[in-house]
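Asker: no FASTA, just this:
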């Protein structure tokens, strides 16, 4: 009698698990998507000794790839072009100094999401960037500030003659966003992402002026995904 009860119990459990297993396999089917993102960022640099700054606006755009094999988790890789740098603050004085640095960046991010058609997600991971070039926008002679009326006497000047020595930048980024599926294959995203650079723009040895010159940025992007698998 007992073996019959055990067999019946096992059979019942298997019958209950069968549709669940099928659903789980269907839900966990790997998905691959390609897409693009574009938007704006505001950036500044952490200098030590400090430099008076405000946030500098910039632009960004990139191509994206996403692979999702498990429920709530996936990986994202990107190739982005982005403008970062810093804009100096002169309080009420009519002076402008702004340096823009262009980068080609490759972030690799863990992608954690919740929801189905409307999703909330978090992305976090490392980033490496290649400096493409830089430019300066300035309305005064940086080598003759003593002759300028109302130029702040306390303003730091060393950064004007410092060349950007590091061609490679690297750091950590993390973002929060939302995704809405227009159709099963097409979706749009909105994301806010923070980047903190671990490398220095300038030389940081004992003989150099700055022992820290790493960048920070806040990004705001609109994105699009096309599911290809």
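Answerer: Here it is on my side, so go on. Note that the coordinates shown come from a computational prediction; the quantities given were computed from them, not determined experimentally. Numbering: from 1, shown residues only.
Asker: I'd assumed residue 44 was in contact with residue 216.
Answerer: Yes. Using C-beta atoms under 8 Å as the test, residue 216 is close enough to residue 44 to be in contact (5.9 Å). From N, CA and C alone the C-beta is placed, and that goes for glycine too.
Asker: which one of these two has more residues nearby?
Answerer: Looking at residue 216 and residue 44 with other C-beta atoms under 10 Å, you find the greater number of neighbours at residue 44, namely 20 against 17.
Asker: what lines up beside the helix or strand the more buried one falls within in the sheet?
Answerer: Under DSSP states H and E, the secondary-structure element containing residue 44 is strand 31-48. Based on DSSP bridges, the strands next to strand 31-48 in the sheet, each with its direction, are strand 56-70 (antiparallel), strand 212-227 (antiparallel).
Asker: can you name the next helix or strand after it?
Answerer: Tracing the chain past strand 31-48, the next element assigned as helix or strand by DSSP H and E is strand 53-54.
Asker: give me the mean pLDDT for that next one.
Answerer: Along strand 53-54, the predicted local confidence has a mean pLDDT of 93.
Asker: and stretch 98-116, by the same measure?
Answerer: Across stretch 98-116, pLDDT averages out at 96.
Asker: so which of the strands paired with strand 31-48 has the densest surroundings on average?
Answerer: Comparing the strands paired with strand 31-48 by mean neighbour count (mean count of other C-beta atoms under 10 Å), strand 212-227 ranks first with a mean of 19.
Asker: what's the closest non-adjacent residue to residue 198?
Answerer: residue 171 (4.8 Å; C-beta to C-beta, 6 or more residues apart in numbering).
Asker: tell me which element the one you found is part of?
Answerer: When elements are defined using DSSP H and E, residue 171 is found to belong to strand 168-181.
Asker: centre of the chain versus stretch 213-229, how much separation?
Answerer: Remark: stretch 213-229 is offset 6 Å from the chain centroid, using C-alpha atoms, centre = their mean, to the nearest Å.
Asker: my error: substitute stretch 121-128 in the last question.
Answerer: Going by C-alpha atoms, centre = their mean, the spacing between the C-alpha centre of stretch 121-128 and its chain's C-alpha centre is 6 Å.
Asker: how about it: buried residues?
Answerer: Within stretch 121-128, the residues that qualify as buried are 121, 123, 124, 125, 127, counting by 16 or more other C-beta atoms under 10 Å.
Asker: for this structure, which strand is longest?
Answerer: The longest strand of the chain (DSSP state E) is strand 118-138.
Asker: tilt between that strand and strand 212-227?
Answerer: Inter-element angle recorded for strand 118-138 and strand 212-227: 140 degrees (by axes from the mean of the first three to the mean of the last three C-alpha atoms, to 10 degrees).
Asker: what does stretch 88-97 rub up against?
Answerer: For stretch 88-97, contacts defined as C-beta atoms under 8 Å, 6 or more residues apart in numbering pick out 51-54, 87, 98, 136-140, 142, 148, 150-152, 155, 160.
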